[in-house]
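Undergrad: coords please:
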Amino acid sequence: MNKLAVIALGGNALLRGNQIGTIEEQEQNTFDTLENIVYMIKEGYDIIIGHGNGPQVGNILMRNDAGEQMYNIPQMPLDVCVADSQGGIGYMIERMLRNVLKKHGIEKNVVPVVTSVIVDKDDPAFKDPQKRVGKIYSKEEADKLAADKGWEFKEEVKADGGWRRVVPSPKPIGIMNQDIIEKLAREGNIVIAVGGGGVPVYIDEKNDVRPAEAVIDKDAASSLLGSKIGADEFYILTDVPYVYINFKKENEEIKEFLNIADAEKYMEEGQFSKGSMAPKIQACIDFVKKGGNKSVITESTKLEDRTYGTKITMEYED
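TA: Here you go, the predicted model:
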């Protein structure tokens with residue numbers, strides 16, 4: 001049986017920080033990133049691709065606002081917006097990957113799957129929303145939306161100020177259609193799944209699938225999918241080539257290899273930012289502790305060069 005790898009594309013893999021987000025920019029970034037997985041395909045890996053959606057779903061939410069304010073078009077709920085972003089980004093990744101494969105003379109099916117991810121409706125995150133989404137509002141606008149729609153807001157700490165909507169980010173506990181995703185991948189198809197962390201849903205007392213007004217961390221969802229289907233390796237492609245401790249300090253140190261014990265120790269010490277690296281490290285820890293062989297965090301264009309990247313394993317590699 002071929003090795004099965006889950007590869008989570010971070011936001012930087014699709015949209016660079018200094019770009020405005022045109023489709024031409026996103027397509028070129030995606031093409032360049034996907035070039036880096038060709039070697040894995042040639043080495044016989046079966047592959048599942050996850051991806052972020054932060055800028056894209058934020059733009060969808062802003063279009064929601066503009067449509068309601070200017071044309072009285074009813075707003076769609078957050079779960080539908082996440083599904084919209086999954087479909088659009090999945091299509092873009094599929095098209096760019098087909099072009100990459102053609103360039104290298106590789107014949108593969110590429111299959112995007114709009115994926116619902118199950119959360120617990122009693123997850124504490126629903127009582128403490130922290131994930132910022134959508135546009136920045138004035139205090140008056142935020143107060144009106146809070147009164148009209150029941151949304152919650154937090155003040156922005158950036159220089160420009162303003163208020164942004166915050167939503168829960170519950171822990172994923174199940175992946176819908178995981179067996180089909182695994183089957184497709186193990187048959188040699190490249191599958192795009194759990195985009196943007198998946199569409200958040202919960203199962204009610206009647207066993208009906210219900211939408212959750214939330215967003216799910218895409219690394220946590222990709223890690224969970226990998227664990228559920230017995231993937232061998234888990235990769236997070238981001239905007240740094242390594243994990244660092246004492247980041248941006250005089251005693252900054254690259255960590256090319258981490259075992260679980262040291263990774264957990266650094267997490268407890270607060271070495272990793274909660275809004276950036278900590279969720280990635282936790283996703284890698286979870287994957288390995290649930291049976292995965294190895295997790296890797298690396299820069300989105302450095303995957304093929306194995307001198308880069310932080311490798312996280314149960315014990316230190318020989």
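Undergrad: Could you pull up the residues touching residue 210?
TA: By Cβ atoms under 8 Å, 6 or more residues apart in numbering, the contact list for residue 210 reads 121, 201, 202, 203, 204. Just so you know, the C-beta spots here come from the backbone N, C-alpha and C atoms, and that holds for glycine as well.
Undergrad: Which secondary structure state does the nearest residue to the last one once chain neighbours are set aside sit in?
TA: Meaning residue 204. The shortest distance from residue 204 to any non-neighbouring residue, by Cβ to Cβ, 6 or more residues apart in numbering, is to residue 210 (5.0 Å). Here residue 210 is recorded as strand under DSSP: H, G, I helix; E, B strand; the rest coil.
Undergrad: do you know how far residue 210 is from residue 92?
TA: Separation of residue 210 from residue 92 (Cβ to Cβ, to the nearest Å): 29 Å.
Undergrad: which residue ranges form the helices in the stretch 101-250 of the chain?
TA: Applying DSSP state H, counting those that start in this stretch to the stretch 101-250 of the chain gives helices spanning 139-149, 178-186, 218-228.
Undergrad: Check those helices for me and report the most buried one.
TA: Greatest average neighbour count among the helices of the stretch 101-250 of the chain goes to helix 218-228 (a mean of 26), per mean count of other Cβ atoms under 10 Å.
Undergrad: That one - contacts with which helices or strands?
TA: strand 4-9, strand 46-51, strand 172-175, helix 178-186, strand 233-238, helix 277-289 (3 or more Cβ pairs under 8 Å, 6 or more residues apart in numbering; DSSP states H and E).
Undergrad: again, only using 6 Å
TA: strand 4-9, strand 172-175, strand 233-238, helix 277-289 (3 or more Cβ pairs under 6 Å, 6 or more residues apart in numbering; DSSP states H and E).
Undergrad: Show me the one of these that comes nearest residue 196.
TA: Nearest to residue 196 among the helices and strands packed on helix 218-228 is strand 4-9 (10.8 Å), distances taken as Cβ to Cβ.
Undergrad: between that closest one and helix 218-228, how many degrees?
TA: Strand 4-9 runs at 170 degrees relative to helix 218-228, counting by axes from the mean of the first three to the mean of the last three Cα atoms, to 10 degrees.
Undergrad: hmm, who's touching strand 4-9?
TA: By Cβ atoms under 6 Å, 6 or more residues apart in numbering, the residues outside strand 4-9 that reach it are 45-51, 219, 222, 226, 231-237.
Undergrad: how far does it sit from the chain's center?
TA: How far strand 4-9 lies from its chain's middle: 11 Å, per Cα atoms, centre = their mean, to the nearest Å.
Undergrad: Sheet-wise, list the partners of that strand with their directions.
TA: strand 46-51 (parallel), strand 233-238 (parallel) (DSSP bridges).
Undergrad: okay, the ones you listed in JSON lines with mean neighbour count and mean pLDDT next?
TA: Output for the strands paired with strand 4-9, formatted as JSON lines (neighbours: other Cβ atoms under 10 Å; pLDDT from 0 to 100):
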{"stretch": "strand 46-51", "mean neighbour count": "27", "mean pLDDT": "98"}
{"stretch": "strand 233-238", "mean neighbour count": "25", "mean pLDDT": "96"}
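Undergrad: wait, which of these is closest to residue 154?
TA: strand 233-238 (24.7 Å).
Undergrad: where does the stretch 201-318 of the chain dip in pLDDT?
TA: 317-318 (pLDDT under 70).
Undergrad: rewinding a little: for residue 141, which of the helices and strands packed on helix 218-228 is the nearest?
TA: Among those, if distance is taken as Cβ to Cβ, the winner is helix 277-289, at 29.7 Å.
Undergrad: what angle separates that closest one from helix 218-228?
TA: 0 degrees.
Undergrad: could the helices and strands packed on helix 218-228 be laid out in a markdown table, adding distance to residue 301?
TA: Below are the helices and strands packed on helix 218-228 laid out as a markdown table (distance: least, Cβ to Cβ, whole Å):
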| stretch | distance to residue 301 |
| --- | --- |
| strand 4-9 | 12 |
| strand 172-175 | 28 |
| strand 233-238 | 8 |
| helix 277-289 | 17 |
